[in-house]
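**Student:** No sequence on hand, only this structure:
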């Protein structure tokens, strides 16, 4: 069962715009993101809990099987940079992380095909909590 997720109305509007663009419209690999947006609890940016991963948020995670911890930023596709820890919301990992809160976990497949479970330890920085809505 998938955990409940919360998405800001601003993120929803921006992501729906990207998904409606000709380059993304027919991409079936983005169906998981579309499904996540459809099931999300949508809130105004000023009503977003500070411990929820929104677009451009930086969060700490732990791989439950290995215990490995790391920090990632959820980025728009144009800003994604794996070397800098910026994962695209258009990737399977990115779409799975959108809307999760600290303490929640999600199962997903790595690019190599192995299944892992990631637990959100902490949202280190969130644009809504910082008052940075122009990102």
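**Tutor:** Structure's in. What do you need? None of these values were measured; they are calculated from a predicted model.
**Student:** quick one: average confidence on the lengthiest strand in the chain?
**Tutor:** Identified as the longest strand of the chain according to DSSP state E is strand 115-125. Mean per-residue pLDDT for strand 115-125: 94.
**Student:** That one pairs with which strands, parallel or anti?
**Tutor:** Strand 115-125 has the following strand partners under DSSP bridges: strand 58-63 (antiparallel), strand 105-109 (antiparallel).
**Student:** which residues touch residue 7?
**Tutor:** 36, 37, 40, 41, 42, 43, 54, 98, 99 (Cβ atoms under 8 Å, 6 or more residues apart in numbering). C-betas here are computed from N, CA, C, even on glycine.
**Student:** same question but for residue 6, I mixed them up
**Tutor:** Residues near residue 6 by Cβ under 8 Å, 6+ apart: 40, 41, 42, 43, 48, 49, 52, 99, 101.
**Student:** Now it. Its backbone dihedrals?
**Tutor:** Phi and psi for residue 6, reported as degrees, to the nearest 10, are phi -120, psi 130.
**Student:** Pull the residues that contact the helix-or-strand element of the chain with minimal mean pLDDT.
**Tutor:** Across the helices and strands of the chain, mean confidence by mean pLDDT, DSSP states H and E is lowest for strand 105-109: a mean of 82. The contact list for strand 105-109 (Cβ under 8 Å, 6+ apart) reads 2-3, 64, 92-93, 96-97, 100, 115-120.
**Student:** repeat that for 10 Å
**Tutor:** For strand 105-109, the external contacting residues (Cβ atoms under 10 Å, 6 or more residues apart in numbering) are 2-3, 5, 32, 61-62, 64, 91-100, 115-120.
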